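In: With the input below, show me the fold.
(chains A and B, ligands or ions: 1)
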Amino acid sequence: MKTILVIGNGMVGYKFCEKLMAKSESDNYKVIVFGEEPRPAYDRVHLSEYFADQNAERLSMAPRSWYEENNIELITNERVTDVHRASKTITTINDKEYIYDYLVLATGSSAFVPPIPGVEKEGVFVYRTIEDLDATMAYVAKIKSQKPDGKAAILGGGLLGLEAGKAIIDMGLETSVVEFAPRLMPRQLDNEASQVLQNKLEALGIDILLNKGTQNIEGDKAITGMKFSENETLPVDMLLVSAGIRPRDELAKTCGLEVGTRGGILVTNNMKTSDDSIYAIGECALLNQMIYGLVAPGYDMAGVAVDNILGDEALMPSAIDMSTKLKLSGIDVASFGDALNEAKESESIVYENKFQGIYKKINVSKDGKKLLGGILVGDASDYNMLHQIFLNGMAIPENPEDLILGARGGEEASFGSALDLPDSAVVCSCEAVTKGQICCSVTEDGNEDLASVVAATKATTGCGGCKPMVTDLVTETLKSMGKVVKDVICDHFQYSRQELYSILKVKKVTSFDEALDACGEGKGCELCQPAVSSILASLYNHTPNKEDVSQDSNDKFLANIQRNGTYSVVPRIAGGEVTPEQLIVLGQIGKKYNLYTKITGGARIDFFGAELNDLPAIWTELIAEGFESGHAYGKSLRTVKSCVGSTWCRYGMDESITFAIELENRYKGLRSPHKIKGGVSGCIRECAEARGKDFGIIAVEGGWNLYVCGNGGATPRHAELLAEQIDNETVVKYLDRFLIYYIETAAPLMRTAAWLDKLEGGIEQLKKVVVEDSLGINAELEAQMDLLVDAYECEWKQVVESDTMKDRFSHFVNSDDRDDNIAFVPMRDQKMPELWK
Amino acid sequence: MDTLQSKYKTVKVDEVKEWFKAAPISAFSVNGGACVKYKDLQIAVFNFERFNNWYACQNLSPAKNEMVLSRGMLGDHKGVPKIACPLLKNTFSLETGENLNGDLEPIAIYPVKIKDGFVYIGTH
Ligand SMILES: Cc1cc2nc3c(=O)[nH]c(=O)nc-3n(C[C@H](O)[C@H](O)[C@H](O)COP(=O)(O)OP(=O)(O)OC[C@H]3O[C@@H](n4cnc5c(N)ncnc54)[C@H](O)[C@@H]3O)c2cc1C
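Out: Got it, this is the predicted structure:
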């Protein structure tokens, strides 16, 4: 039996083990893995997610038990310090010695910290390991507890720097990104794309400073600022350095392996170093004079090394794809192929829309036949397809601009369906899964849903960027086999939400148990219970009090659960109109119960940090003062935001505030597949941002324009025009129809924008149904809305007026004690929950 | 970091030393949960009538270290009774404590006994 020692248990070192274990010959090898970090390999690509939930386990590539089951000896917390090539042994920091037949160096890289004077000061961090993040977060918390307006800076405006910037601003510090180059992501973007991205980041509150060289890190013990020149210093309380990576080649250097002049362990395209028994893979390897700082090439290298050790000849491909898509929430950025036209072999086609912050550029070969690269900012929905066209050298349309503008003029779908790709197209580059393998997994191995295809092929389990394309492939393949692809609710109800809605309606079902009896099986779960409850509420306007155990937790307690198990309290303030007296009352209640208080984006007041036991008392006081539930916790109408309109504004064309209040009161309490927001603007200046809502109404000459199916959030969408210049009554009529039609036909947790995307025929079809009554159902839709509006009751009023309903708002059944696990820390002049423990 | 979690250890029926009298049956919603205070422990107890059975587990969400499992939703996963955490929808078997939709450590499970209209929890 031969021994393979793997040095480094990062993403690529782990992948080497996984690929080796998949081979039957692996039984002939003893594998020992050394990792310097305290835990087994984890997913560094998704490291930023750790900021949000500190859940290291979720990032783990495989638990320790996996290594045990595969007879791999995993030794963590143990750095290898020397390699003795003559005796084929290594020693570790604890002076242990091991013999090898093959040695695999997967030591990765470390963050590069430029030698700026003062960079060793307290408060300067890097961004590479879970421990780095723990240290960063602890320091952010410390700053926040000491000063109200703490500031952070990120050194480096590349991919990682921007991701880090977003994470830090989410933690509540003012954040600046400092970049030496004249643009952001200089290796992926051109100046125009960088400008569009910069605008978007600035809108998120991230400050961008370009062309800045840092001369000195100021401060005594801890950092207080970054000095750019004699008369320019940026005051900061902490700094995250993200200025590139340096391959960890120290072991290779000391044992005399060849390394590159600027670092990196020299390998040939079979991943062997200058010593035949030693391989180097991942970010420590210098291949083609390049360090490939991405996982996909690292995984390929792992596979090539496995094959060569087992005696098969395998080589790295001659062209290695460095395309990237950034994972900044809400901002799409992607670049692929020769994005900057460095080879000067192409002509560019550029589309830029400054209104929407969209920039798309494709580089097309001079003969107009091939796509060579491109950049997408603001809307990267075409990325997967364009990337595939580029990778596979597929033919492009006669008018290459159709690739980014869509086929204009007709109603035809934009270019290309996933099924048009060649079978050899690598769809998931992390796991090297081809389109052919995915389709075969459906047609030949009988996997009939996404989850089974993922389990069988491992596609999507790396960076996850290919998920939309894999989903499309599975769906399209099933369709082509004549199988109906149905989005069923869960194992307990084999129906789509729309079907279930009709069944429950026809069978006059009024409780979850009845629903199970009528058309379900088993005992239900966290997917079907809220879905059924939501449908029943949409049918009869029953409040959650009727059957609290079948509601989502938030609906059960009529409040939003926050991250420490306390709740928020949001009374309705229709249209955002509030009297000074009401404000005083709210202030008194907030003070009495010591609640963190904030004005929401929906123009109302949100109290946080209420303990379960206090909710009934707080609401008793609110209701006595005439407030009602704001349904901020429900999948239901939230707010109808408005400007003051012609009531006050000298530009106003109509009374937007009056109309907003009327609409909010009409639809309050309406339960739906997802939350619904509305907006009313008094003129086209659009101060209420109505087009970012599920329904938006804008006053124009001669009436209102009605827009539907917009939203903010992770994938912002402008609402689309449903009808023009209509009067108040017609607006209400169309809205009634639109809302009920959406409620009856959408999937669970599907917002109106996604629903419209799925609706065959899109907005034109919706106009036919809602305006022209093409399905002949409008009378029914309106009657249903009238029924719901009439049946409305404030669910918090029901609770405070009932003797028994309050019982569920007690933390313990057998004691009046409070949950002693809840802890707050001061923040500015208020409080916030302690960080996740 | 695991000081809270370390207080919660599964108790098997044959290991019960003391049955703690928690509360009358009527204090628990049908097909719902509630939290019982026992010494310095918080134990979530569920009256899962659709299974014709009672279950108990730690109230502590292992993912987030918050006392919330009793506020979660009951259900079954291929016939196994389970509880879904209200914070992040991690689900756990109420029979074994195993995390059914991820690889979190199992939660602690306690036996429940009903006698003369009262709910008892088995403890060490
Ligand atoms: C925040 C962040 C976001 C990223 N996002 C993306 C992305 O979106 N897409 C993408 O493709 N890539 C991304 N990357 C890059 C990706 O994570 C790396 O390409 C990948 O982790 C490289 O794997 P590796 O195994 O070569 O190195 P590493 O994952 O760094 O693993 C090397 C391991 O070896 C250990 N080690 C080193 N020397 C020794 C020694 N002497 N003895 C024992 N152990 C040793 C190290 O401690 C480390 O654990 C991102 C990286 C970061 C930090």
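In: And the residue of the stretch 351-500 of chain A found nearest chain B, how far from residue B:82?
Out: Checking the stretch 351-500 of chain A residue by residue against chain B with C-beta to the nearest C-beta singles out residue A:491 as nearest, at 7.4 Å. C-beta: built from backbone N, CA, C; applies to glycine. Residue A:491 is 12 Å from residue B:82, where distance means C-beta to C-beta, to the nearest Å.
In: Show me the common contact partners of those two, please.
Out: residue A:525 (C-beta atoms under 8 Å, 6 or more residues apart in numbering or on different chains).
In: more neighbours, those two?
Out: Neighbours were counted for residue A:491 and for residue B:82 using other C-beta atoms under 10 Å in any protein chain shown; residue B:82 has more, 25 against 18.
In: which residues touch the more buried one?
Out: Residue B:82 makes contact with A:525, B:74, B:75, B:76, B:91, B:92, B:93, B:94, B:100, according to C-beta under 8 Å, 6+ apart.
In: Can you lay out those residues as TSV showing secondary structure, pLDDT and neighbour count?
Out: Below are these laid out as TSV (DSSP: H, G, I helix; E, B strand; the rest coil; pLDDT from 0 to 100; neighbours: other C-beta atoms under 10 Å in any protein chain shown):
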residue	secondary structure	pLDDT	neighbour count
A:525	coil	93	22
B:74	strand	95	26
B:75	strand	95	27
B:76	strand	94	20
B:91	strand	93	22
B:92	strand	95	29
B:93	strand	95	20
B:94	coil	96	25
B:100	coil	89	17
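In: Near the ligand, list only the ones from those residues.
Out: Filtering the contacts of residue B:82 for proximity to the ligand by C-beta under 6 Å from any ligand atom leaves nothing.
In: What is the burial count for whichever residue of the stretch 101-250 of chain A sits closest to chain B?
Out: Distances between the stretch 101-250 of chain A and chain B by C-beta to the nearest C-beta are smallest at residue A:134, namely 10.6 Å. Applying other C-beta under 10 Å, we find 13 residues neighbouring residue A:134.
In: in a helix, that's where it is, yeah?
Out: Yes: assessed by DSSP: H, G, I helix; E, B strand; the rest coil, residue A:134 belongs to a helix.
In: count of residues packed around residue A:238?
Out: By other C-beta under 10 Å, the residues close to residue A:238 number 24.
In: Now it. Nearest residue, chain neighbours left out?
Out: residue A:123 (4.4 Å; C-beta to C-beta, 6 or more residues apart in numbering or on different chains).
In: tell me the contacts of the one you found?
Out: A:139, A:219, A:222, A:223, A:237, A:238, A:239.
In: Looking at these, state which has the most neighbours.
Out: residue A:239 (27 neighbours).
In: Report how many residues lie close to residue A:141.
Out: Neighbours around residue A:141, by other C-beta under 10 Å: 17.
In: For it, what are phi and psi?
Out: Main-chain dihedrals, residue A:141, degrees, to the nearest 10: phi -60, psi -40.
In: if I read this right, it contacts residue A:834, doesn't it?
Out: No: using C-beta atoms under 8 Å, residue A:141 is not in contact with residue A:834; the gap is 9.0 Å.
In: ok, back up a step: of the contacts of residue B:82, closest to residue A:623?
Out: residue B:74 (30.5 Å; C-beta to C-beta).
In: what's the overlap in contacts for residue A:141 and residue A:834?
Out: residue A:825.
In: if I pick residue A:432, what's in contact with it?
Out: Neighbouring residues of residue A:432 by C-beta under 8 Å, 6+ apart: A:296, A:299, A:300, A:303, A:426.
In: go with 7 Å
Out: Applying C-beta atoms under 7 Å, 6 or more residues apart in numbering or on different chains to residue A:432 gives the contacts A:299, A:300, A:426.
In: Can you read off the pLDDT for residue A:408?
Out: On the pLDDT scale, residue A:408 is placed at 50.
In: what about the one residue in the stretch 701-837 of chain A that gets nearest to the ligand, how many neighbours?
Out: Per C-beta to the nearest ligand atom, residue A:714 is where the stretch 701-837 of chain A lies closest to the ligand, at 17.2 Å. By the measure other C-beta under 10 Å, the count of residues near residue A:714 is 8.
In: ditto for residue A:244
Out: Residue A:244 has 17 nearby residues by other C-beta under 10 Å.
In: I'd assumed residue A:110 was in contact with it.
Out: No: judged on C-beta atoms under 7 Å, residue A:244 makes no contact with residue A:110 at a distance of 10.5 Å.
In: tell me the phi and psi of the residue nearest to residue A:238?
Out: Per-residue torsions, residue A:123: phi 90, psi 10 (degrees, to the nearest 10).
In: Any idea what residue A:720 is bridged to?
Out: Counting by DSSP bridges, residue A:720 forms beta bridges with residue A:708.
In: hang on, it packs against residue A:705?
Out: No: contact criterion C-beta under 7 Å: residue A:720 and residue A:705 do not qualify, at 10.9 Å.
In: Who has more neighbours out of those two?
Out: Applying other C-beta under 10 Å to residue A:720 and residue A:705 shows that residue A:705 carries more neighbours, namely 21 against 18.
In: what sits up against the helix or strand that one falls within?
Out: Element membership of residue A:705 [criterion: DSSP states H and E] is strand A:703-708. The list of residues contacting strand A:703-708 from outside it, by C-beta under 7 Å, 6+ apart, reads A:690-691, A:694-698, A:719-727, A:731, A:734, A:738, A:752.
In: Could you check how far the residue of the stretch 101-250 of chain A closest to chain B is from residue B:4?
Out: Distance of residue A:134 to residue B:4, given as C-beta to C-beta: 18 Å.
In: Which residue ranges of the stretch 51-200 of chain A form strands?
Out: A:72-75, A:80-84, A:89-92, A:97-99, A:102-105, A:109-111, A:124-126, A:151-155, A:174-178 (DSSP state E, counting those that start in this stretch).
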